[in-house]
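Peer 1: Sequence below, structure please.
(2 chains)
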Amino acid sequence: MSEPVAEELLDVTITVNGVPHHARVPARRLLSDFLRHDLGLTGTHVGCEHGVCGACTVLVDDEPMRSCLMFAVTAQAHRITTVEGLGTIDAMRPVQRAFTECHGLQCGFCTPGFVTTITAYLEENPDPTAEEAREAISGNLCRCTGYQNIVKSVLRAAELRRKEANDQ
Amino acid sequence: MTTSMFGAPVARREDPRLVTGNGRFLDDLGHDALAAAFVRSPHAHARIVDIDVTDALDVDGLVGIWTHEDLPGRVGEPLPLLIPHPTLTHGRTAYALAKDEVNHVGEPIVLVIARDRYVAEDVAQLIRVEYDFLTPVVGIEMARDATDLVHDDVPDNVSAHMFQEVGDVDAAMAAAPRTLELDLSIERSACMPMEGKGVYARWDDENGELRLYSSTQTSTGVRAAVAAKLDLPLAKVECIAPDVGGGFGVKINHPWPEEVLIPWAARLLDQPVKWVEDRREHFTSSAHERGQLQTVKVGFDDEGRILALDVKLWHDNGAYTPYGIIVPIITSTQLLGPYKPGAYRVEFWSLYTNTVLVTPYRGAGRPQGCFAMERTVDAIADELGLDRTEVRSRNFILPSEMPYDHGLLFQDGRPLRYDSGDFPASLDKLKALVGWDDFAAYRAEAEAAGRKVGLGIGCYVEGTGVGPYEGGHIQVETSGRVNVSTGLTSQGQGHETVFAQIVANELGVPIEDVHVTTGDTRRMPYAVGTFASRAAVMSGNAIALAARTVRAKALRIAADALEVSADDLEIVDGDIRVKGAPGTHMSLGTVSVMSNPLRYAFDEAAKAATQFAGSNDPSKPPVADDDEPGLEGKDFYSPTQATFANGMHAAIVETDPVTAEIRILRYCVVHDCGPMINPMIVEGQVHGGVAQGVGGALYERMVYDESGQLLNASFMDFLMPYASEVPVIETDHLETPSPLNPLGIKGAGEAGCIPVSAVIASAIEDAEGFPIRSMPISPVELWELRQRHAAGDWPSLRRPRHTSSSPTDTQEDR
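Peer 2: Below is the predicted model of the structure:
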């Protein structure tokens, strides 16, 4: 029996929701675990650990990415946005408001991944058809809603965004 | 606002926190906890010869390693058999950590606890287990053959053999003008909540108390089981279900091995410990459902009336039976749906296999029963050349026959007696919704364009709201805040909202003032759990009764203070006022102050209740002999039997003439769960149920190879539907009240998924012109059936295909 060898820790600085965070993490620390357990940003959920379900989707330089498939160390050069950075209980953003208006969630576990995905999508296509909205969410799994009200939420969010833009 | 709360599509109270990342799921708690991982069996059936941990001891961050022989007392005994039944003669349960033998891939053998999960997994990988292989029993046929046994001491692999008969089936069958026989099968599927299971335990050594969080459907059940296993007084154990990321049945079984081991280790180490199930563990170590083989013999007359129904079921219960035989009991009783056969006999064998254990999955045996019954009714219609809805109508139990007693025992040990329902009205609504009578023209048009389309139907009845009971506790604070608690748990059903609606309605307060807590044994220690579409019926009624108690007390106190009769008072928006004279009033918060005579004033409002504040009657005690301080009330609802909801679905499918790809063009649902507390939430439950049903009909199956390896234990390979696979669901509702409970409501949670396999099979059969006897069905399987049909070794349907007009275009955003 040899002496246990401690794992090497690396200094990282990662900008999450506009705030730089310094930490010492092992090279294998997943971005999802880093966000959840090192930063306490538990809104990002992990459903399958291999990039299929989309619950862990965060925005990397505004593009949706699976945080369970990224290492924290590789996130250093990028801006990370999690669901917590997309609105608060007292100031919900259009996608979040749309989900609450359209019953777009039930257990809510997959919802943060949908919120990030749809937020990025509406930047790209601010006025989708129902068919396009369905296509846009078809990389995320939800076991509760049957997706119908999520499609509705996408359309409603687009509407709310336009309203918001007009009001400004 | 307050009086219209019940029945309104009120926005959910739980949503703002969940859409902003402020939910609190199991793994969102306990960041300071040690992490657990397990060495699980890679073999389906083997004896454990040796466990060698030598290499694992070098890993930095390791805290401890435990095997079965390390487990003391009851922790090392088999897990409880939760629902015993006289016919479950050979019930078997697992150990928390395998003792000597493993019976399925994924069975836990070694517990590892380390600094974090990464390290715990490293350690688990370095532990070597030596096995002696035994023959794995995989699949119902092999279990039924019983050449090899799962458990040495269980003859023929049969855990339970059950038989029920109503009427004289042999005589009725012999006398029937016509008979048919069907061989049917349904494959395995599973709940697959997006959040797996998880347990987090904190031991408070100073007070000898355990606080336990579990992603469970029953916190009271887990609490009692853990207290018993750890030999702790119930008073020293609390269990809380935090936000739970879906359940669908798998989280009602308890205690899971981890629910015993994690608290045990937390106490032993005097440190918080957490285990969060990963997806692969969920596939191989939680539970599955659905797998059954069925034979049906039916005798009927020339009008299609069922005179005799003789059903045999072989149910795959996996390696162990901790949840008893609830699933096959439900299949065997709920199979009857809305129909009344002249005589009925059902016999089932629940069989062990070396696969993951089987416990209820949304629908809980009903989808299998519905499949058997609906295939049978379609076969009768085909045999007689009758419209499929006509045969259904002729066998319906009529509203005038309610309550209707089938003469069978249901899953709760009580009579299978339908309380209400209007099946002919439901069918009329469904036919109108899908355009049943116009389908021939639509088909003709499609066929002219070289397309194959088919129309299918399925009907079901669902016993919901089974007992034994649930409770509700309501307390009004001096601020007017209304605290409501019920013991059953929530996994996304919107309980915080619907229970608040009930209280707002009963008590006459703004819904914003109502705050609901579920699944916390500190707040309501008496509860059963969330399953069997029972939460709204059970806790909803208990909470309504509790609210009525609080209301009566509030009116009594206010009547006294305002010197009027309680009958002259009403409560509007949290204000108690004299009817017709709203100037004379007091707030519910003030009544709360007055209900609790105080010695000490803690704030301005409290001053009014202190001893020198008002006109005390010195001849009476501050709290009357038969009264209690505080504006609160508690009540329980315990029904004599289940209440029966029902529904009917229809679908139009298109099958590709070349590739046999199957596409659902339309999906229509008529659903009757009595008066809806929140139609938006009911609709959401239906959508989600149908989506799971579609998965079970076309995509999901557990692929075991002959050695008992689950080949598709990941989301990459187990095909849960994405948005691209789920059709737009069109719904209509009937609201037939239940005479059984104060609110007249029925359960809605499971309904959506029950008939989907039956409906899709019916529609594919209609499109293809040959019978579908096995579900789920993939394009490959359909293609192979076509080949067999073309070669003459798979029969044709007999009826001239009922053809018929255009379904309206599907629209997402109506």
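Peer 1: where along chain A do the helices fall?
Peer 2: Listed from the start of the chain, chain A has helices (DSSP state H) covering A:31-33, A:94-101, A:111-124, A:130-136, A:148-167.
Peer 1: closest one to chain B among those?
Peer 2: Nearest to chain B, of all the helices of chain A, is helix A:130-136, at 3.0 Å by C-beta to the nearest C-beta. C-beta coordinates here come from the backbone N, C-alpha and C atoms, glycine included.
Peer 1: Show residues contacting that closest one.
Peer 2: By C-beta atoms under 8 Å, 6 or more residues apart in numbering or on different chains, the residues outside helix A:130-136 that reach it are A:117-118, A:121, A:125, A:128, A:147, A:151, A:154-155, A:158, B:723-724, B:811-813.
Peer 1: run the last query once more with 7 Å
Peer 2: A:118, A:121, A:125, A:128, A:151, A:154, A:155, B:723, B:724, B:812, B:813 (C-beta atoms under 7 Å, 6 or more residues apart in numbering or on different chains).
Peer 1: most neighbours, which of these?
Peer 2: residue A:154 (31 neighbours; other C-beta atoms under 10 Å in any protein chain shown).
Peer 1: show me what contacts that residue?
Peer 2: Going by C-beta under 7 Å, 6+ apart, the list of residues near residue A:154 reads A:118, A:128, A:133, A:136, A:137.
Peer 1: measure the nearest residue to the third one once chain neighbours are set aside to residue B:519 for me?
Peer 2: Read that as residue A:133. Spatial nearest neighbour of residue A:133, chain neighbours left out: residue A:154 (3.8 Å); criterion: C-beta to C-beta, 6 or more residues apart in numbering or on different chains. From residue A:154 across to residue B:519, the span is 31 Å (C-beta to C-beta, to the nearest Å).
Peer 1: Leaving out chain neighbours, which residue sits closest to the residue in chain A that chain B sits nearest to?
Peer 2: Per C-beta to the nearest C-beta, residue A:43 is where chain A lies closest to chain B, at 1.9 Å. Nearest residue to residue A:43, sequence neighbours excluded (C-beta to C-beta, 6+ apart): residue B:21, at 1.9 Å.
Peer 1: What's opposite the most centrally placed residue in chain A in the beta bridge?
Peer 2: Centrality entry for chain A: nearest residue to the mean C-alpha point is residue A:58, 3.2 Å, by C-alpha atoms, centre = their mean. In this entry, residue A:58 is beta-bridged to residue A:65, by DSSP bridges.
Peer 1: try residue B:667
Peer 2: With DSSP bridges as the rule, residue B:667 is bridged to residue B:651, residue B:729.
Peer 1: how about the strands in the stretch 1-150 of chain B?
Peer 2: Counting by DSSP state E, counting those that start in this stretch, residue ranges of the strands within the stretch 1-150 of chain B are B:34-40, B:46-52, B:62-66, B:101-102, B:108-114, B:128-133.
Peer 1: Which one, of those strands, ends up nearest to chain A?
Peer 2: strand B:62-66 (7.5 Å).
Peer 1: So what are the sheet partners of the closest one and their directions?
Peer 2: strand B:108-114 (antiparallel).
Peer 1: List the buried residues for stretch B:56-69?
Peer 2: B:56, B:59, B:61, B:62, B:63, B:64, B:65, B:66, B:67, B:68 (16 or more other C-beta atoms under 10 Å in any protein chain shown).
Peer 1: Can you measure across that stretch, start residue to end residue?
Peer 2: Length of stretch B:56-69, first residue to last, C-alpha to C-alpha, to the nearest Å: 18 Å.
Peer 1: same question, stretch B:148-161
Peer 2: End to end - C-alpha to C-alpha - stretch B:148-161 spans 19 Å.
Peer 1: Show the average pLDDT along it.
Peer 2: Computed over stretch B:148-161, the mean pLDDT rounds to 98.
Peer 1: Pull out the buried residues from whichever strand or helix holds residue B:394.
Peer 2: Assigned by DSSP states H and E, residue B:394 belongs to helix B:388-395. Within helix B:388-395, the residues that count as buried by 16+ other C-beta under 10 Å are B:388, B:389, B:391, B:392, B:393, B:394, B:395.
Peer 1: One more: stretch B:274-290?
Peer 2: Neighbour count says stretch B:274-290 has B:274-290 buried, by 16+ other C-beta under 10 Å.
Peer 1: Briefly note if it comes near chain A.
Peer 2: Yes - shown here: stretch B:274-290 in contact with chain A (C-beta under 7 Å from any C-beta of the partner chain) through B:278, B:279.
Peer 1: what's the span of that stretch, first residue to last?
Peer 2: Span of stretch B:274-290 from end to end, C-alpha to C-alpha: 31 Å.
Peer 1: Tally up the residues packed near the residue of chain B found nearest chain A, please.
Peer 2: Per C-beta to the nearest C-beta, residue B:21 is where chain B lies closest to chain A, at 1.9 Å. When neighbours are defined as other C-beta under 10 Å, residue B:21 has 26 of them.
Peer 1: can you redo the helices of chain A as JSON lines with mean pLDDT?
Peer 2: As requested, the helices of chain A are exported to JSON lines (pLDDT from 0 to 100):
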{"stretch": "helix A:31-33", "mean pLDDT": "98"}
{"stretch": "helix A:94-101", "mean pLDDT": "98"}
{"stretch": "helix A:111-124", "mean pLDDT": "98"}
{"stretch": "helix A:130-136", "mean pLDDT": "98"}
{"stretch": "helix A:148-167", "mean pLDDT": "96"}
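Peer 1: Spell out which parts of the stretch 101-250 of chain B neighbour chain A.
Peer 2: B:118, B:192, B:193, B:194, B:195, B:243, B:244, B:245, B:246.
Peer 1: Per-residue pLDDT of the nearest residue to the fifth one once chain neighbours are set aside, please?
Peer 2: By the measure of C-beta to C-beta, 6+ apart, the closest residue to residue B:195 outside its immediate chain neighbours is residue B:245, 2.5 Å from it. As predicted, residue B:245 sits at a pLDDT of 98.
Peer 1: ok, now how distant is residue B:245 from residue B:16?
Peer 2: On the measure of C-beta to C-beta, residue B:245 and residue B:16 end up 17 Å apart.
Peer 1: who's more crowded, the two?
Peer 2: residue B:245 (30 against 19).
Peer 1: Quick one: classify that one as helix, strand or coil.
Peer 2: Residue B:245 falls in the coil class when you classify it by DSSP: H, G, I helix; E, B strand; the rest coil.
Peer 1: hang on, isn't it packed against residue B:193?
Peer 2: Yes - contact between residue B:245 and residue B:193 holds when scored by C-beta atoms under 7 Å: they sit 5.8 Å apart.
Peer 1: Residue A:166: neighbour count?
Peer 2: 7.
Peer 1: how much space between it and residue A:97?
Peer 2: 16 Å.
Peer 1: Residue B:361: what's it in contact with?
Peer 2: Counting by C-beta under 7 Å, 6+ apart, residue B:361 has contacts B:189, B:190, B:191, B:248, B:249, B:250, B:289, B:290.
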